[in-house]
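**Q** I'll drop the sequence and a predicted model, then ask my questions.
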Amino acid sequence: MLELKHVHKVYRVGAFGGGRLRAVRDVNLTVEPGEVVSLIGESGSGKSTIGKMVLGLTRPSAGSITFEGTDITTIRGHSARKEYYRRVQGVFQDPFSCFNPIFKADRVFEMIRTSYFPETSTPVWREKVLDALATVRLDPDNVLGKYPHQLSGGQLQRLLIARALLLDIRLLVADEIISMLDASTRIDVLNLLADLKERGLGILFVTHDLSLGNYVSDRSVILRKGAIAEMGPTSKVFDNPLHPYSRHLLSCVPQLHRTWAEVDAELEADPPEDVVLPVATDDASAPLLEVEEGHFVGIDQG
Ligand SMILES: Nc1ncnc2c1ncn2[C@@H]1O[C@H](COP(=O)(O)OP(=O)(O)OP(=O)(O)O)[C@@H](O)[C@H]1O
Ligand SMILES: [Mg+2]
């Protein structure tokens, strides 16, 4: 359904745009209907950049991104983009920033109606909204007619997911959607993602939290410095991590609270001896080795 092939993103940085920052390097991945794929990695590893490219918010510097057979970089014009967003939607970390504080929160539904379903009658639309709210397990009496500041982060997050469900979405890009929620609400939102998956949605689940990746996803992609360090079925990646980075990360499992920087420092001080990977010769490509079916390991990226 979604396929990224040799995707790169280089940002211009520095006062005169003279510097180059390689944010995403040679990424290949797919998301199928009904599949949750976690993108896991430390801050700055390129997760959001991948999400933004999939959402058409920034263009890849090289490579292709196809969704249901169409290269999304060829999508031009208002109506083609609108059609794309009927199928692909994103939900982000900070739900508060997605709502205008001076309007009632359910205005986001009305905006979808105006742009996508102007012909739909009010009673039919109301049914659709109630249906979407039921799917995200929100009580309409608690949320309709309220202002954003009267709602919790978890409620706003679920409103945004309900809004996406009013469209005929096939793919949801969820970028750190639960980092700002408290523990009990987190589980609710994770369970909601599991329901959506049951309904056949593909989900690209971006997280810097390893344990969350493990909890929800069918496949996991571990990113390091913009390139894939390891990727495969979540059970294989977590039970049998092969890249030194993921190995080290996962060897710390009962103490998942440790930071990625700590892991990096420890890895440097005490590299695992039993893993030797060939080193890629140029810095642009990031080749992967298939070590068992569907389980890929990055050839080291320095
Ligand atoms: N618009 C931009 N212009 C220049 N550099 C950028 C831009 N957006 C991101 N970057 C840089 O690209 C790299 C990857 O950023 P990205 O936001 O994708 O990381 P991330 O994995 O989502 O991190 P986090 O966990 O902190 O959200 C970082 O070094 C970041 O500073
Ligand atoms: Mg991010």
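**A** That came in fine, so what should we check first? Numbering: from 1, shown residues only. Ligands and ions are numbered 1, 2, ... in the order given.

**Q** what parts of the stretch 201-302 of the chain come near ligand 1?
**A** residue 208 (CB under 6 Å from any ligand atom). Bear in mind the C-beta positions are built from the backbone N, C-alpha and C, glycine included.

**Q** so which residue of the stretch 201-302 of the chain comes closest to ligand 1?
**A** Residue nearest to ligand 1 within the stretch 201-302 of the chain (CB to the nearest ligand atom): residue 208, separated by 4.5 Å.

**Q** wait, that residue sits on residue 44?
**A** No: with contact defined as CB atoms under 8 Å, residue 208 does not reach residue 44; the gap is 9.8 Å.

**Q** higher neighbour count, the two?
**A** Ranked by neighbour count (other CB atoms under 10 Å), residue 208 and residue 44 place residue 208 first, with 18 against 15.

**Q** got the phi/psi numbers for the more buried one?
**A** phi -100, psi 0 (degrees, to the nearest 10).

**Q** for the closest residue to ligand 1 within the stretch 51-200 of the chain, grab the count of nearby residues.
**A** Ligand 1 sits closest to residue 176 of the stretch 51-200 of the chain, with a gap of 6.4 Å, by CB to the nearest ligand atom. Close neighbours of residue 176, defined as other CB under 10 Å, add up to 19.

**Q** need the residues touching each of residue 208 and residue 44.
**A** Common contact partners of residue 208 and residue 44 (CB atoms under 8 Å, 6 or more residues apart in numbering): none.

**Q** residue 248: how many residues sit nearby?
**A** Residue 248 has 18 nearby residues by other CB under 10 Å.

**Q** my bad, residue 132
**A** The number of residues packed near residue 132 is 21, by other CB under 10 Å.

**Q** not counting its neighbours along the chain, what's nearest it?
**A** residue 162 (4.1 Å; CB to CB, 6 or more residues apart in numbering).

**Q** contacting residues for the one you found?
**A** 109, 129, 132, 133, 135, 136, 138.

**Q** pick out the most distant pair among those residues.
**A** Across those, the longest distance by CB to CB is 13.3 Å; it joins 109 and 135.

**Q** more crowded one of these two?
**A** Neighbour totals were compared for residue 109 and residue 135, and residue 109 leads with 20 against 16 (other CB under 10 Å).

**Q** would that one count as being in a helix?
**A** Yes: assigned with DSSP: H, G, I helix; E, B strand; the rest coil, residue 109 falls within a helix.

**Q** and it, what is it in contact with?
**A** Taking CB under 8 Å, 6+ apart as the test, what residue 109 contacts is 129, 132, 162, 163, 166.

**Q** among those, which are located in helices?
**A** Within the contacts of residue 109, residues falling in helices by DSSP state H are 129, 132, 162, 163, 166.

**Q** in a markdown table: those residues, plus distance to residue 68 and pLDDT.
**A** Shown next, in a markdown table, are those (distance: CB to CB, whole Å; pLDDT from 0 to 100):
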| residue | distance to residue 68 | pLDDT |
| --- | --- | --- |
| 129 | 27 | 94 |
| 132 | 23 | 91 |
| 162 | 23 | 91 |
| 163 | 22 | 91 |
| 166 | 20 | 90 |
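
**Q** mind picking the two most distant members of these?
**A** Farthest pair in the ones in helices among the contacts of residue 109, by CB to CB: 129 and 163, 9.3 Å.

**Q** count of residues packed around the residue lying closest to residue 227 once chain neighbours are set aside?
**A** Spatial nearest neighbour of residue 227, excluding adjacent residues (CB to CB, 6+ apart): residue 286 at 3.7 Å. Residues lying near residue 286 (other CB under 10 Å) number 24.

**Q** residue 286 against residue 26, yeah?
**A** Yes: applying CB under 8 Å, one finds residue 286 in contact with residue 26, separated by 4.0 Å.

**Q** which one's the longest helix in the protein?
**A** Using DSSP H to define each element, the chain has its longest helix at helix 183-198.

**Q** what residues sit buried inside that one?
**A** Residues 185, 186, 189, 190, 192, 193, 196, 197 are the ones in helix 183-198 that count as buried (16 or more other CB atoms under 10 Å).

**Q** near the nearest residue to the third one once chain neighbours are set aside, how many other residues are there?
**A** Excluding its sequence neighbours, the residue lying closest to residue 189 (CB to CB, 6+ apart) is residue 178, at 5.2 Å. The burial metric for residue 178, expressed as a neighbour count using other CB under 10 Å, is 24.

**Q** same question, residue 287
**A** Residue 287, neighbours per other CB under 10 Å, totals 17.

**Q** in this structure, which helix or strand is least confident?
**A** In the chain, the helix or strand scored least confidently by mean pLDDT, DSSP states H and E is helix 260-269, which has a mean of 66.

**Q** which outside residues touch the helix or strand following that one?
**A** Per DSSP states H and E, the first helix or strand lying C-terminal to helix 260-269 is strand 288-292. Strand 288-292 is contacted from outside by 28, 228, 231, 232, 236, 242, 277, 296, 297, 298, 299, using CB under 8 Å, 6+ apart.
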